[in-house]
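okay, predicted coordinates and the sequence, questions at the end:
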Amino acid sequence: MVQALQYFFSGITVGSVYAIVAIGFNIIYSATGVLNFAQGEFVMLGGMVAITLASFLPVPVAVAVAVAIVTLFGCGLELVFFRRLRSHSILHMIIITIGLSIVIQELALHVWDEKVRSLPYFTGNEASSVKLLGAALSPQVIWVLGTAAIVVALLQLFYKRTLYGRAMRACSSNPEAAMLVGINTGNMRTAAFGLSAGLGALAGCVISPISMTHYEMGPGLAIKGFAAAVLGGLGNPMAAVVGGLMVGLIEAFSVSVIPSAFKDVAAFAILLAMLFLRPHGLFGRPSGVSVREV
Amino acid sequence: MLLQVRNLRCGYGSLEIVKGVSLHVDAGEIVTLLGANGAGKTSLLRAIAGLLPVWSGDIRVNLRSVVGEPPWTRISHAMMLVPEGRQLFGDMTVWENLLLGGYHNLDRKRAIEDVYERFPHLKGRSRQLAGTLSGGEQQMLALGRALVARPRLLLLDEPSLGLAPLMVREVCNCIKRLKEDGVTVFLVEQNAVAALEIADRAYVMETGEIILEGEAADLVTNPEVRRAYLGKGYKEIWE
C-alpha cells in the first residue's frame, strides 16, 4: 500500500512536469497551429540558466530571471523563425521546430558541456523528507506539485477572465475574425511562444533538484509532453493536465510490472494507442478543425 | 468621402478576381454592392478590410490610404467588417464575443449595453456559447460585435444569407436604424430586392468589374438590373 502511494507520488511529480510541457504544446498549437517540438528545450534552458545564475544569485532570483530570459528567448524564436514564414505550410514549421531543438541542444552542449547539473533543493536537502499519508516525500515534490497547480490555476484565470486571454482564445477560435476585431494576431503568436517558453523554463527549474538538468533532456520531455497533449486532446490546455498526470502515473506504475529500463515504452505505447484509436484525445471532439491548416 | 476605392485589382494566386474597381461611399449613406455569386464582391470587401493583399490601386478611408496596413489596424480608421458567414468565436459566449468586438474600445462595457438595447434578444443569451445560437441570432451577434467597436463605417457581407424572410426584414430594419444613428453602411448583397429598398445608392458588379451604378431608386426600375438580379418581371420585359 505504502509502495503504491510512493509510486503514485513519483508518478504525479513527473506527470506534472509532463503536464506543463503539454500545456506549452497546447498554447503554441492553439495560437499558431504548429506543434513545437523544441518545447523540451525550454525546460532544459530554464534549468541550465537558473543553475548558472544560482552560482552568484539567491535561488528564487535566479529562477525568476531564468524564466524571464527563456520567455524572451521564446518570443525571439517566433519573431526570427516563424513570423516571416507564415506563408509556408504547417509541416515546414513543425520541421523547423525539430531543427531548432537540435541546434539549441548543440548550443547548450557548448555553453554548459555534457555534465549533469542541478539546482539546490528549494527547501531542505536530498536527505530531508515529508511524511504524507505514510509515503516519504522530498519537499521538492511539494514544490513541483504546488507550482504546477498554481500555473494551471493562473492560466485558467488568464484564459477565462482577462481580455488578453480571451483574445488569445479568439485567435485560435477564428484567426480571421480576431484580426477583424483589431487583435494583432502576429503579436499574439509571439506572446504564445513566450508564455509557453516561460512555463517550460519554470518547470525546468522546479524539477531540476529532483531529476537533474542535462543538455539532452529536452527531446525526451517533448515526446512525453506530446503524448500527454495527445492523450488529453490537442487544443485543450486543461485536458493536457489530466493527460500529463496520466502519462506520469502510467510510467511510474509500469515499473512494478515491467523492468524500469522500459518505462519510456509506456509513454510511447500510450501515444501510439491514442493515435490509432482516438486521435482526438480523451476529451477532444472528433472534428476536422483540430487538423486545420492555418 | 468616407470610403474611396480607386482602380482596385486583387485576387488569389495568379487569378485576378477584382479587375480595376472604383467606387466611393459618402458619410451617412447606405451604399449597396449587388452582383451574382463569384462576381468578386467578397474579394473586394476582403481587400478593403485588409484580409486580401491589394495588387494595385488605392483604398482610402477618410482620405487616408490604408493599402498595405494589416487588418487589425482598420478599426483605428473607425471601420469594421462583418464578414460573410458571421465568423463568430463559436466556442465563446455571446458576452465574450461582444467584449472582443470592443478590443480597442476602452468604453466597451457601455457599448455592450448599447448593443443589448439594440438587440434585446442577445441579452438573455449573453452566457450562451455563440455557436449554439440560431442563424438570425448569430447575425445579430455578428452585427453587435462590430458595433461594440463604435465604427463610423460598417462593411456588411451578405447579412441576409441563409436567413428566413422575417429575419431578413429585421436585419434591414436594423441597418436603417444604424443610418439614423450616423453609421455609414457599405452593404454587399445578393438579395437585391431587400438591399435596393434600404440603400441610397448602388453599384452592380459582374466578373470583377462595376458595370452599373446609380441611385437605388433608379436601379430598381433599370431593366438590366431587373433581368439579372430581381428575377420578378423577367417575362414582361423580355417576352
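Everything's here; your move.

any stretches of chain B with poor pLDDT?
Chain B contains residues with pLDDT under 70 at B:230-239.

so where do the strands sit in it?
Taking DSSP state E to define them, one finds strands in chain B at B:3-12, B:15-25, B:30-35, B:56-61, B:64-65, B:79-82, B:153-157, B:184-189, B:201-206, B:209-215.

so which of the ones you listed gets nearest chain A?
strand B:79-82 (5.4 Å; C-beta to the nearest C-beta). (Glycine included, C-beta is placed from N, CA and C.)

ok so, going back, mind giving me a markdown table with the strands of chain B and columns for mean neighbour count?
Formatted as a markdown table, the strands of chain B follow (neighbours: other C-beta atoms under 10 Å in any protein chain shown):
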| stretch | mean neighbour count |
| --- | --- |
| strand B:3-12 | 18 |
| strand B:15-25 | 18 |
| strand B:30-35 | 26 |
| strand B:56-61 | 17 |
| strand B:64-65 | 10 |
| strand B:79-82 | 26 |
| strand B:153-157 | 24 |
| strand B:184-189 | 25 |
| strand B:201-206 | 22 |
| strand B:209-215 | 16 |
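
dump these to a markdown table, plus distance to chain A.
Shown next, in a markdown table, are the strands of chain B (distance: least, C-beta to the nearest C-beta, whole Å):
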| stretch | distance to chain A |
| --- | --- |
| strand B:3-12 | 13 |
| strand B:15-25 | 17 |
| strand B:30-35 | 18 |
| strand B:56-61 | 14 |
| strand B:64-65 | 17 |
| strand B:79-82 | 5 |
| strand B:153-157 | 10 |
| strand B:184-189 | 15 |
| strand B:201-206 | 22 |
| strand B:209-215 | 24 |
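
I'd say residue A:164 and residue A:158 touch.
Yes - between residue A:164 and residue A:158 there is a contact under C-beta atoms under 8 Å: 7.4 Å.

hey, which helix is longest across the chain?
Using chain A here. For chain A, the helix reaching the highest residue count under DSSP state H is reported as helix A:2-32.

wait, I meant chain B there
Secondary structure of chain B per DSSP H: the longest helix is helix B:165-180.

name the residues that touch that helix?
Contacts of helix B:165-180 with the rest of the structure, by C-beta atoms under 8 Å, 6 or more residues apart in numbering or on different chains, involve B:28-30, B:118-119, B:135-136, B:139-140, B:143, B:147, B:154, B:156, B:159-160, B:163, B:185, B:187, B:191, B:194, B:197-198.

filter these down to the buried ones, ChimeraX style.
This is how ChimeraX selects the buried members of the contacts of helix B:165-180, with burial counted by 16 or more other C-beta atoms under 10 Å in any protein chain shown:
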select /B:29,30,118,119,136,139,140,143,147,154,156,159,160,163,185,187,191,194,198
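
out of the contacts of helix B:165-180, which are inside helices?
Short answer: those in helices (DSSP H) are B:118, B:135, B:136, B:139, B:140, B:143, B:147, B:194, B:197, B:198.

wait, what's in contact with the residue nearest the centre of chain B?
For chain B, residue B:156 is the residue whose C-alpha lies nearest the centre (C-alpha atoms, centre = their mean; 1.2 Å). With contacts defined as C-beta under 8 Å, 6+ apart, the neighbours of residue B:156 are B:82, B:143, B:175, B:185, B:186, B:187, B:188.

what is the nearest of those residues to residue A:94?
Of all the contacts of residue B:156, residue A:94 sits closest to residue B:82, with 34.3 Å by C-beta to C-beta.

pretty sure that closest one contacts residue B:147?
No - counting by C-beta under 8 Å, residue B:82 does not reach residue B:147; the two are 9.3 Å apart.

could I get the ones in helices among the contacts of helix B:165-180 in a markdown table, plus columns for distance to residue A:98?
A markdown table is the format used below for the ones in helices among the contacts of helix B:165-180 (distance: C-beta to C-beta, whole Å):
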| residue | distance to residue A:98 |
| --- | --- |
| B:118 | 51 |
| B:135 | 44 |
| B:136 | 48 |
| B:139 | 44 |
| B:140 | 46 |
| B:143 | 45 |
| B:147 | 45 |
| B:194 | 54 |
| B:197 | 58 |
| B:198 | 56 |
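
picking up where we left off before, for the residue nearest to the centre of chain B, which residues make a bridge with it?
Residues in a beta bridge with residue B:156, per DSSP bridges, are residue B:82, residue B:187.

now do the very next helix or strand once past the longest helix of chain A: which elements does it pack against?
Remark: after helix A:2-32, the chain's next helix or strand is helix A:39-54, criterion DSSP states H and E. Helix A:39-54 sits against helix A:2-32, helix A:59-77, helix A:90-112, helix A:185-211, helix A:217-232, with contacts defined as 3 or more C-beta pairs under 8 Å, 6 or more residues apart in numbering or on different chains; DSSP states H and E.

what's the neighbour count on residue A:125?
A count of nearby residues for residue A:125, using other C-beta atoms under 10 Å in any protein chain shown, gives 11.

so it lies in a helix, does it not?
No - with DSSP: H, G, I helix; E, B strand; the rest coil as the criterion, residue A:125 is assigned coil and is not in a helix.

and stretch A:250-267, what's buried?
Neighbour counts over stretch A:250-267 (16+ other C-beta under 10 Å) mark A:250, A:251, A:252, A:253, A:254, A:255, A:263, A:266, A:267 as buried.

would the last one count as being in a strand?
The one in question is residue A:267. No - under three-state DSSP, residue A:267 sits outside any strand and is assigned helix.

contacts only, for it.
Residue A:267 touches A:223, A:224, A:227, A:247, A:250, A:251, counting by C-beta under 8 Å, 6+ apart.

ok, it to chain B distance?
29 Å (C-beta to the nearest C-beta, to the nearest Å).

likewise for the second one?
The gap separating residue A:251 from chain B is 32 Å, by C-beta to the nearest C-beta.

now swap in the fifth one and tell me
Counting by C-beta to the nearest C-beta, the gap between residue A:254 and chain B amounts to 36 Å.

OK, contacts around that residue?
Residue A:254 makes contact with A:262, A:263, A:265, A:266 under the criterion C-beta under 8 Å, 6+ apart.

I'd like the residues you listed as a markdown table, with pLDDT appended.
Below are the contacts of residue A:254 laid out as a markdown table (pLDDT from 0 to 100):
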| residue | pLDDT |
| --- | --- |
| A:262 | 80 |
| A:263 | 79 |
| A:265 | 84 |
| A:266 | 80 |
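
what is the nearest of those to residue A:44?
Closest to residue A:44 out of these is residue A:263 (20.0 Å), distances taken as C-beta to C-beta.
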